[in-house]
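Colleague: with the sequence up front, the predicted model follows.
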Amino acid sequence: MAAAPVAVCRRRRVVSASAGLVLVLLAVGIAVVFVTRGSGAPKASAPPASAPPASANLGAPAASPAPIDVAPAAAPISTGEMGQVLQWYADAYTNENVNGLQSLFADNLVRTNGTDPSEDLAQALDTYRSQFAALSNPVYSLSNLGYDVPRATAAAIYSISSDAGTVGGGSIGFHFVRLGNQLLIDAIAIQPSA
C-alpha cells in the first residue's frame, strides 16, 4: 500500500518539474520571437467584428511547451481570457476554419515550428490550409495548460487526431496582446514530439 502513494508523489514531482520546464521554454521562445521580430511593440489590427469561431481543436501530445519570452504585459490579461482564446483556437482548428484562426491572430503574428523558419501571418495561414487539406475530421486538443499572467503567455501540450488516428502532437506556447478590447495571439512557438 505504501508504494502507491510514493509513486503518486514521484509522478506529481515529475509533472510539476515538466510544467516548470515548459513555462521556462515558453518564456525563452517568446523572447526569441520578439528579438527576431525587431520590435518589442506589438502592432496588429483587431479581428473581424464577427463572433469567435464556433469550434476548433488542435491535438497531439507534446513533450514540453515551446519557448516564448517577453516582457510583462502592459494591460492585465487574465487566465480566463487566455483560456477562452485558446478554446476558440482549438475549436477553429477542429472545424478547419482558417478565417476563425485569422480572427484570433494579430497582424504581426510570428509562428515557429521546431527548427523550421519562422512564419508571418500569411505563411502561418497557408500552413494551416495545408494541414487541413491533409487531414480528415481533425480534432485539436490542448492539455496541461500553464499560464504566466504577467508575461501574457500560455503553454500546453497539444495533440491532433483525425480519422487516421493521432497525427501530431508536442508542446506549444502562445503570447497574447490586447488591441483595443480584443485579446489576440501574436506569437506561437511549437515543439513537435520526436
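Modeller: Here it is on my side, so go on.

Colleague: quick one: which helix or strand includes Ala90?
Modeller: helix 79-94 (DSSP states H and E).

Colleague: may I see the buried residues of the helix or strand hosting Ser171?
Modeller: Element membership for Ser171 (DSSP H and E) is strand 165-179. Across strand 165-179, burial judged by 16 or more other Cβ atoms under 10 Å covers 167-179. All C-beta atoms are positioned from the backbone trio N, CA, C, and that covers glycine.

Colleague: so where is this protein shaky, pLDDT-wise?
Modeller: By pLDDT under 70, the low-scoring segments of the chain are 1-75.

Colleague: could I get the full set of helices for it?
Modeller: Secondary structure of the chain (DSSP state H): helices at 3-37, 79-94, 98-102, 121-134.

Colleague: tell me the one among the buried residues of strand 165-179 nearest to Ala154.
Modeller: Nearest to Ala154 among the buried residues of strand 165-179, counting by Cβ to Cβ, is Phe174 at 4.8 Å.

Colleague: now the closest one, nearest residue through space, not along the chain?
Modeller: Ala154 (4.8 Å; Cβ to Cβ, 6 or more residues apart in numbering).

Colleague: from Gln87, how far off is that neighbour?
Modeller: Distance from Ala154 to Gln87, counting by Cβ to Cβ, to the nearest Å: 11 Å.

Colleague: who has more neighbours, the two?
Modeller: Taking neighbours as other Cβ atoms under 10 Å, Ala154 and Gln87 compare with Ala154 leading, 27 against 16.

Colleague: wait, the more buried one sits on Tyr89?
Modeller: No: if you go by Cβ atoms under 8 Å, Ala154 and Tyr89 don't touch, sitting 10.1 Å apart.

Colleague: report the set of residues contacting both of the two.
Modeller: Common contact partners of Ala154 and Tyr89 (Cβ atoms under 8 Å, 6 or more residues apart in numbering): Phe174.

Colleague: rewinding a little: any idea of the angle the strand holding Ser171 forms with helix 79-94?
Modeller: Relative orientation of strand 165-179 and helix 79-94, computed by axes from the mean of the first three to the mean of the last three Cα atoms, to 10 degrees: 130 degrees.

Colleague: what strands line up against strand 165-179, and which way round?
Modeller: strand 153-162 (antiparallel), strand 182-192 (antiparallel) (DSSP bridges).

Colleague: alright, that wraps it up for me.
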